[in-house]
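Participant: need coordinates for the below:
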Amino acid sequence: MISSALIGVFMLVLVIILIVGGVHIGISLLALSILGLWLITGDFLASAGLMGSGPFSATFDYTLSVVPLFVLMGLFANAAGASKDLYQAGFAWFGRLPGGLGIVTVFSNAVFGAVTGVSIASAAVFSKIAIPEMLRTGYSKRFSTGCVSGSSVLGMIIPPSVMMILYGILADESIGKLFIAGIIPGIVLSINYCVGILLMTYLFPKYVGQPSQIEKMSWGFRFEALGKASSIFGLVVVVLGGIYGGIFTPTEAGAIGCVGSLVIMILKGRVNSREILSSLLEAGSTTASVFLVFIGAQMFSRMLSASGLVLEISNFLMKLPVSPSIVILGMLLVYMFLGCFLDVLSIMLITLPIFLPVIRGFGFDIIWFAVLSVMTIETGLMTPPFGMSVFVVKGSLGDIVTLEDVFKGSIPFLVILLVTIAIVFYFPILSTWLPRMM
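Facilitator: Sure, this is the predicted structure:
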């Protein structure tokens, strides 16, 4: 007779096969949860009955309302022209530096990430704003596309982050603290990207291209551009400052952010019924997809626990004759490997039920591991064969660039991301200091 733990292993392998094969992750997790419990208990009706109670218990949580609120805030802000205003402000202040438009792209992605919380959205938006301008100025295709695909990962690290929200719910950890934990690592990664761009400009000029000299901007133009983007900066400060200061919860911050971004739309004269309806529909569609995935993840986690696989893996890893830090590195390598084949949400939802008991057993900080996990999983956005940011950039530009150009252009930024992950790994205080100060 097959053991319950072995059934759990089969379900893990099957869910990866289904997701790689193109089946929606939520559907895959739900179907295999029922199948796995049926094989473990031998009672199909009881297993199928979870379809009635499982979704309700998984989503009956006030905290989950933060997802649609932050998604809608990002959509309203983008409709208000946040991405263009940010890029123009960065262009005015940093455009004349060596590799200036690359630095502008990083700067814009960092601030835009503090509004949207989704890396793919950043890649899609700045593919159409930054890359055409960089190519027109004389930057190479590989450098231009690499800047966008590389810096897009900031969207999931700098708060608010959809991945941090789901991590917090799965790990039963404060979403506010997880948000704040990503600020310093996000800033460090942004600085590292900018330093890397400067070094590439001097050391690898062929890779960067031969950009023409941008004419000097007047101080009046610079402050005018900064003024146009000031409303977005203000929105970020209010939302994150309110969470950090304990003035309101992340859910309340999302609601305030929605209202704030809608007010910005009105003040800029960009509000219309079609734009609002489109944003509401997209927010609803995104939220429904996230909730379906979350329901599947909760039920799949129950199935794995019932199989005893989680306990067996936890005991095995904790008894290995190696340093706990080596075990953590092994987990991060698993994340990098899975990132080559699965999307970021799939990786987190499949692995966290297995990894979290080990992290707690070793006594590591859950918030520190959250930041490490998100940063490491984000490497998958730039690695073949299924790097989502790379495909989004290519899809946004059409035949202007080849897929090979985008993948090769992303390599230097992938290396910088790995270096930053190592820094956060060896200096946990970068991700834990701010949460402890809350």
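
Participant: ok, the residue lying closest to Val153 once chain neighbours are set aside - contacts?
Facilitator: Spatially, and ignoring its direct neighbours in sequence, Val153 is nearest to Glu378 (4.2 Å; CB to CB, 6 or more residues apart in numbering). Any C-beta I mention is one placed from the backbone N, CA and C, and that applies to glycine too. Contacts for Glu378 (CB atoms under 8 Å, 6 or more residues apart in numbering) come out as Ser119, Val153, Met156, Ile157, Gly339, Val344, Leu417.

Participant: isn't the fourth one up against Ile184?
Facilitator: Translated: Ile157. No: the pair Ile157 / Ile184 is not scored as a contact, 10.1 Å apart, by CB atoms under 8 Å.

Participant: so what pLDDT did the closest residue to Phe44 other than its chain neighbours get?
Facilitator: Computed as CB to CB, 6+ apart, the closest residue to Phe44 that is not its neighbour in sequence is Trp38, at 4.9 Å. pLDDT for Trp38: 86.

Participant: same check on the one 3 residues further on?
Facilitator: Looking at Thr41, its pLDDT reads 81.

Participant: from Ser47, how far out is it?
Facilitator: Counting by CB to CB, to the nearest Å, the gap from Thr41 to Ser47 is 6 Å.

Participant: ditto for Met73
Facilitator: Distance from Met73 to Ser47, by CB to CB: 39 Å.

Participant: with Leu345 instead?
Facilitator: For Leu345 relative to Ser47 (CB to CB), the value is 25 Å.

Participant: likewise for Thr249?
Facilitator: 36 Å.

Participant: those two: which has the busier surroundings?
Facilitator: Ser47 (20 against 17; other CB atoms under 10 Å).

Participant: what about Ile34, how many neighbours?
Facilitator: 20.

Participant: repeat that for Gly42.
Facilitator: Applying the criterion other CB under 10 Å, we find 9 residues in the vicinity of Gly42.

Participant: circling back: who has more neighbours out of Ile157 and Ile184?
Facilitator: Per other CB under 10 Å, whichever of Ile157 and Ile184 has more neighbours is Ile157, with 29 against 18.

Participant: give the closest residue to that one in space, chain neighbours not counted.
Facilitator: Per CB to CB, 6+ apart, closest to Ile157 is Gly186, 4.4 Å.

Participant: where's that neighbour, which helix or strand?
Facilitator: For Gly186, the host element (DSSP states H and E) is helix 183-203.

Participant: check which element follows that helix along the chain.
Facilitator: Using DSSP H and E, the helix or strand that directly follows helix 183-203 along the chain is helix 205-208.

Participant: what are the buried residues along that following helix?
Facilitator: Neighbour counts over helix 205-208 (16 or more other CB atoms under 10 Å) mark Tyr207, Val208 as buried.

Participant: run the chain-centre distance for the next helix or strand after that helix.
Facilitator: Following helix 205-208 in sequence order, the next helix or strand is helix 219-244 (DSSP H and E). Relative to its parent chain, helix 219-244 has a centroid offset of 22 Å by CA atoms, centre = their mean, to the nearest Å.

Participant: show the average pLDDT along helix 219-244.
Facilitator: For helix 219-244, the per-residue pLDDT averages 84.

Participant: taking the centroid of this structure, which residue is nearest it?
Facilitator: Most central in the chain under CA atoms, centre = their mean is Met156, positioned 2.5 Å from the mean C-alpha point.

Participant: quick one, grab the pLDDT at that residue.
Facilitator: 84.

Participant: just the element for it, please.
Facilitator: Under the assignment here (DSSP H and E), Met156 is part of helix 154-157.

Participant: so where is the stretch 1-150 of the chain shaky, pLDDT-wise?
Facilitator: The model of the stretch 1-150 of the chain has pLDDT under 70 over residues 1, 51-61, 117.

Participant: helix, strand, or coil at the nearest residue to Ile169 once chain neighbours are set aside?
Facilitator: Nearest in space to Ile169, with sequence neighbours left out and distances taken as CB to CB, 6+ apart, is Thr63 at 6.1 Å. Classification of Thr63 using DSSP: H, G, I helix; E, B strand; the rest coil returns helix.

Participant: for Thr63, grab the count of nearby residues.
Facilitator: 15.

Participant: before we move on, what about Gly387?
Facilitator: 23.

Participant: leaving aside the residues adjacent along the chain, what's closest to it?
Facilitator: Closest to Gly387 by CB to CB, 6+ apart is Leu381, at 5.6 Å.

Participant: how near is Asn192 to Thr286?
Facilitator: Counting by CB to CB, the separation of Asn192 from Thr286 is 30 Å.

Participant: for Asn109, same thing?
Facilitator: Distance, Asn109 to Thr286, using CB to CB: 19 Å.

Participant: neighbour count: the two, which is higher?
Facilitator: Remark: of Asn109 and Thr286, Asn109 carries more neighbours, 32 against 19, as counted by other CB under 10 Å.

Participant: from what I can see the more buried one touches Ile157, true?
Facilitator: No: counting by CB under 8 Å, Asn109 stays clear of Ile157, with 10.6 Å between them.
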